[in-house]
Each structure stands twice: as C-alpha cells, then as structure tokens.
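Student: predicted model and sequence below, questions to follow.
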Amino acid sequence: MRNNISFSTKGFTLIELLVVISIIGLLASVVLVSFPTSTKKTRDSIRMQELKQIQTALRLYYDIHHQMPINRTPGFGYCDNQANFLQELVDAGLWPYNPKDPGNRNYCYYDYGPDNSIGALLVVTLESYSGTEGIPGSCRPWAPGVNWCSKSDNSYYCLCTPYSPYW
C-alpha cells in the first residue's frame, strides 16, 4: 500500500513565522524604549507652557495690585509649598485653579522686588533636559554655581518677570 501524503503549499513555514515574530518583537522593543523619553518631554512641555501662563497671570496681578505676591518666608522661594502664591492668583480671579505639576514637581516662586532686574522669578525642574541654558525663554541671571537659575547647565527652567510697565 502506498502512502499518498501530499504537502500543501498554503500557509507559512516555521522559519517564516519565526522571522516575522522576531521582527515584530524588535519593533516593539524600540517603541517601548522610546516611550518613557517621549512622556518626559511631554510633561516638560506642559510645565513650560503652564509656567508661561502663570507668568502672564503674575503680570496681570501686578497691574491690578501694583505689587507681586509677597514671599511668605523672607529669603526663601516657594518650592516646598506651591499653594501660597498660586492661591493668591486664584483668589484674584487671574488663575482658574491651583495647578499641579504633571510629575509631582513643584512650581517655585521668589519675588526679588522692583529694584532688581529679575523681578519675580518662576522656576520648575524639568525631567528630560540635562541643561536648560539653551532653552528659549529660560532666564539665567547668575554666574555658574551661584543660584538655582545660574548660567551652569542645570535642569531648572526659569522665567524672570521684571517690574516693567513695558514687559
């Protein structure tokens, strides 16, 4: 008796399936490796945009009250508790809510006064930038190593808000 075993050419061979699965796995690993970096950059973008909006609210506050929100603790900026100066903006109707940083980092504030070219300083720490000196809009009023917004490469994004009627 003769065995009539016929092999169908329909379908994929085991080698073909392994090649396709390995290519899909390689592509998936590339996507997963780049995903955390893109989420950090997205959170940083949100931080920078929100800080610019807070700066606009501070300027409006100054136009109305002829002063910036005061420093609650002389000599210290608001970094540990962001609610004080932001709550003043909310109470004045210039900001709709007390913002929460997308990555649980604090928005920092310190008012250097009208006789200083810095004015009120807004600061946030970014995740995906090792040096923010080259980021447009980030002011650097101090020499390297002197303060939080020095000319050193650091991850602070700083906005100076001088007491100027011409902004």
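Tutor: On my side now, so go ahead. Numbering: from 1, shown residues only.
Student: next secondary structure after the helix or strand containing Tyr61?
Tutor: Element membership for Tyr61, per DSSP states H and E: helix 14-65. Using DSSP H and E, the helix or strand that directly follows helix 14-65 along the chain is helix 83-91.
Student: does anything pack onto that next one? Which helices or strands?
Tutor: helix 14-65 (3 or more CB pairs under 8 Å, 6 or more residues apart in numbering; DSSP states H and E). C-betas here are computed from N, CA, C, even on glycine.
Student: buried ones in stretch 40-55?
Tutor: Arg43, Asp44, Arg47, Met48, Glu50, Leu51, Ile54, Gln55 (16 or more other CB atoms under 10 Å).
Student: so what's the nearest residue to the second one once chain neighbours are set aside up against?
Tutor: Nearest in space to Asp44, with sequence neighbours left out and distances taken as CB to CB, 6 or more residues apart in numbering, is Leu126 at 4.5 Å. For Leu126, the contacting residues are Asp44, Arg47, Met48, Thr132, Ser155, Tyr156, Tyr157, by CB atoms under 8 Å, 6 or more residues apart in numbering.
Student: in the lowest-mean-pLDDT helix or strand in the chain, which residues are buried?
Tutor: Lowest on mean pLDDT, DSSP states H and E among the helices and strands of the chain sits helix 83-91, with a mean of 79. Neighbour counts over helix 83-91 (16+ other CB under 10 Å) mark Phe85, Leu86, Glu88, Leu89 as buried.
Student: quick one, what contacts the spatially most central residue of the chain?
Tutor: Nearest to the mean C-alpha position of the chain, counting by CA atoms, centre = their mean, stands Asp44 at 2.2 Å. Asp44 makes contact with Leu126, Glu127, Ser128, Tyr129, Tyr157, according to CB under 8 Å, 6+ apart.
Student: what helix or strand is Ser138 on?
Tutor: Counting by DSSP H and E, Ser138 is found in no helix or strand.
Student: with Val123 instead?
Tutor: Here Val123 is assigned to strand 120-125, by DSSP H and E.
Student: and that strand, what other elements does it pack with?
Tutor: Strand 120-125 packs on helix 14-65, strand 108-111, strand 156-161, going by 3+ CB pairs under 8 Å, 6+ apart.
Student: direction included, what does that strand pair against?
Tutor: strand 108-111 (antiparallel), strand 156-161 (antiparallel) (DSSP bridges).
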